[in-house]
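Peer 1: Below: sequence and its predicted model.
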Amino acid sequence: MSLEDRIKQLLKNREENTEESGQKKNLTPSTQTYKCEECKDSLWIPGENGMIRCQCFERERIKRLWERAGLNPEQKARTIETFQEWNLTSKLAKRVAIEYIRDFEEIQNTRQNSVAFIGQVGSGKTHLSISIALNLFDRGIGTVYMPYRDVIMKLKQNMMDEEVYQRSIDTFKKAKVLLIDDLFKGDFNRFQGKETMNESSVRIIFEIINYRYLNNLPIIISSEYNADKLLDADEAIGSRIIEMTKNYLVEIEGRENNYRLRR
Ligand SMILES: [Zn+2]
């Protein structure tokens with residue numbers, strides 16, 4: 001059962017139980033407050049066949065992934081509102097972020113359900129990507145943060161153990177929404193005058209992108225590489241990203257107001 005279905009089920013259960021629990025509350029008034037009323041912070045709730053994980057378990061798991069990357073998803077340090085526009089490019093990038101947030105509900109299950117901010121270093125790509133991800137997280141949509149280089153490095157370390165590897169890569173393959181921050185960072189190498197890509201990085205990220213592409217799972221991407229460079233890195237990966245982000249792809253080039261918005 002998907003997270004969304006589970007949440008729907010829980011909401012339904014809650015509605016059915018409202019009357020009953022209302023009566024219970026009157027009999028045993030309690031001053032105790034829980035972060036999650038559903039499971040009283042135990043992370044388990046009764047299911048049809050025994051105990052099942054509460055909806056808050058998944059949220060806590062995702063929250064820990066953010067925290068491991070040094071970010072607290074419940075602190076609103078980086079929001080769309082705090083993003084400062086300083087030129088036409090940043091204004092446009094911000095508008096695309098707002099549109100994506102607005103449209104998400106409607107487009108989430110379509111092929112063009114993703115957003116990317118690519119190109120010029122220092123143009124607020126990470127800020128906007130994180131704001132979108134946190135907005136979705138707030139709306140109860142399981143949105144996983146993937147700081148590209150760190151995660152790829154960890155996945156490589158797990159490659160020898162198939163079971164551990166699959167378990168860790170599944171987090172990024174199957175997340176309801178995935179934010180890939182700084183895609184391909186550190187993967188281009190110069191070798192004997194030729195530019196080459198780190199092959200195991202490509203293999204890992206292809207596995208993630210391709211799975212999400214085939215299953216229409218949204219991606220939020222930031223990368224300092226422009227669309228041509230993403231295609232150079234790996235055509236199969238680059239073309240999937242361009243297709244998925246087609247309606248929300250902001251490509252920033254040069255220092256000032258030089259940008260392309262592929263729409
Ligand atoms: Zn709970």
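Peer 2: Arrived safely.

Peer 1: centroid residue for this protein?
Peer 2: Leu178 (2.5 Å; Cα atoms, centre = their mean).

Peer 1: And Asp159, its phi and psi?
Peer 2: One correction, residue 159 is Met, not Asp. phi -60, psi -30 (degrees, to the nearest 10).

Peer 1: Check Asn226 too.
Peer 2: Dihedral angles (degrees, to the nearest 10) for Asn226: phi -80, psi 180.

Peer 1: any idea what sits nearest it, other than its immediate chain neighbours?
Peer 2: Gly119 (4.6 Å; Cβ to Cβ, 6 or more residues apart in numbering). (Each C-beta comes from the backbone N, C-alpha and C, glycine too.)

Peer 1: One more: Ile141?
Peer 2: Lys176 (5.4 Å).

Peer 1: Report the contact partners of Arg212.
Peer 2: Lys173, Leu178, Pro218, Ile219, Met244 (Cβ atoms under 8 Å, 6 or more residues apart in numbering).

Peer 1: List the buried residues for stretch 229-243?
Peer 2: Lys229, Leu230, Leu231, Ala233, Asp234, Ile237, Gly238, Arg240, Ile241, Ile242 (16 or more other Cβ atoms under 10 Å).

Peer 1: Turn those into TSV, columns for secondary structure and distance to the ion.
Peer 2: Shown next, in TSV, are these (DSSP: H, G, I helix; E, B strand; the rest coil; distance: Cβ to the ion, whole Å):
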residue	secondary structure	distance to the ion
Lys229	helix	44
Leu230	helix	40
Leu231	helix	44
Ala233	helix	41
Asp234	coil	40
Ile237	helix	37
Gly238	helix	40
Arg240	helix	35
Ile241	helix	35
Ile242	helix	39
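
Peer 1: Select, from these, the two members most distant in space.
Peer 2: Lys229 and Arg240 (15.2 Å; Cβ to Cβ).

Peer 1: Thr211 touches Thr171, doesn't it?
Peer 2: I think there's a mix-up here, since residue 211 is Tyr and not Thr. No: contact between Tyr211 and Thr171 fails when scored by Cβ atoms under 8 Å: they sit 11.8 Å apart.

Peer 1: Double-check that Ile220 belongs to a helix.
Peer 2: No: applying DSSP: H, G, I helix; E, B strand; the rest coil, one finds Ile220 to be strand, outside a helix.

Peer 1: For burial, what's the neighbour tally of the closest residue to Thr196 other than its chain neighbours?
Peer 2: Nearest non-adjacent residue to Thr196, counting by Cβ to Cβ, 6+ apart: Asn189, 5.2 Å away. Close neighbours of Asn189, defined as other Cβ atoms under 10 Å, add up to 10.

Peer 1: and Asn189, what is it in contact with?
Peer 2: Counted by Cβ under 8 Å, 6+ apart, Asn189 has contacts Glu195, Thr196, Met197, Asn198.

Peer 1: May I have the phi/psi pair for the nearest residue to Met51 once chain neighbours are set aside?
Peer 2: Among residues not flanking Met51 along the chain, Trp44 sits closest, at 4.5 Å (Cβ to Cβ, 6+ apart). Backbone torsions of Trp44, given as degrees, to the nearest 10, read phi -120, psi 150.

Peer 1: For the ion, see how far away Gly119 is.
Peer 2: Going from Gly119 to the ion by Cβ to the ion, to the nearest Å gives 41 Å.

Peer 1: before we move on, what SS does the residue nearest to Thr196 have?
Peer 2: strand.

Peer 1: Next, find the distance separating it from the ion.
Peer 2: 46 Å.

Peer 1: Please name the residues that touch the residue nearest to Tyr148 when sequence neighbours are not counted.
Peer 2: In space, and not counting its chain neighbours, Tyr148 is closest to Asp182: 4.6 Å by Cβ to Cβ, 6+ apart. By Cβ under 8 Å, 6+ apart, Asp182 lies in contact with Thr126, Pro147, Tyr148, Arg149, Ser222, Ser223, Glu224.
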